[in-house]
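> here is my input, please return the structure:
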Amino acid sequence: MEWREASGDPRYGCLYASAEVLAQKPVPIVLFFHGTGPALDDPSSLIKLTSLRELASSTRISPDKPGFAILGVQGRNFAASTNGFDLAHVAAENQDVLATDKFLERLEERGLVDRARVYTFGLGQGGTFALSYATIRADRVAAASAFAPLPGAASWECPTPPPPAWLLYRACDAIAPCAGLESWAERRGGDTQLIRVGDDAKAEPACATRNKCTPKRATANHHRFPKGREKELLRFFSSHTLRAH
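Purely as a prediction, here's the structure:
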């Protein structure tokens, strides 16, 4: 899909879904926001790093039908070598928020969106934006998730709890340090689930100490999604529907 900003700059979105799943419309939608780094800064990184596309054809998020669709949103080039998302501006006028809105609305016009089951998922900075979008669009998003997000600028100021969030991260991470992420998640409050893993996908009891977390290892960890945790993520989604506002 393509949409143009007011400036005329094009924005792109990719829909990953089988014809069999889409025929059951409306279906749950997972909004995907990619990370940064070589070959990881576009929606196709979902396929390289996770098994979510394969699971999308059969996994039940809705109790009524199997499968879900994934809408990947392409970030922008901010005078850097890779694409990313605007994490500083948390108003609804943020161009990345608007682009996501437009792509989601196009799917809604086609009758594809189960409006009670729209979720966000992102990697790294894309994970930060996934949490921000869920905060800004809490009237549209049932739950958010992220791998190795950085604490974002968007904060929840309503009397009700923020949208539920599932955060997966590594004990050793140079870009999204374990202790800082946990401190931020505690301040976030609400239903915020934390899953800390080691260099593999197994649970880790504590953040790694500096002498065990070398810079090279810590940087590589940030760009490696722990494969094997996807079904747990989807179970989290399946336990949440959009609450009334």
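
> low-confidence ranges in the protein?
Residue ranges of the chain with pLDDT under 70: 79-81, 244-245.

> show the contacting residues for residue 201.
226, 227, 228, 229 (Cβ atoms under 8 Å, 6 or more residues apart in numbering). Quick note: C-beta positions are derived from backbone N, CA and C, even for glycine.

> again, only this time at 10 Å
Contacts for residue 201 (Cβ atoms under 10 Å, 6 or more residues apart in numbering) come out as 168, 170, 195, 224, 225, 226, 227, 228, 229, 230, 232.

> wait, is residue 103 part of a helix?
Yes: the assignment for residue 103 (DSSP: H, G, I helix; E, B strand; the rest coil) places it in a helix.

> and the residue nearest to it when sequence neighbours are not counted, how many residues sit next to it?
Using Cβ to Cβ, 6 or more residues apart in numbering and skipping the chain neighbours, the partner closest in space to residue 103 is residue 13 (3.9 Å). Look at residue 13: counted by other Cβ atoms under 10 Å, it has 21 neighbours.

> does residue 13 touch residue 96 like I think?
No: counting by Cβ atoms under 10 Å, residue 13 does not reach residue 96; the two are 11.4 Å apart.

> list residues touching both of those two?
Counting by Cβ under 10 Å, 6+ apart, the shared contacts of residue 13 and residue 96 are 73, 74.

> can you give me the neighbour number for residue 23?
Burial measure for residue 23: 10 neighbouring residues, criterion other Cβ under 10 Å.

> dead centre of this structure: give me the residue that sits there.
In the chain, the residue lying closest to the centroid (Cα atoms, centre = their mean) is residue 121, at 1.7 Å.

> Three-state assignment for that residue, please.
Put simply, residue 121 is strand when judged by three-state DSSP.

> and if you look at residue 201?
coil.
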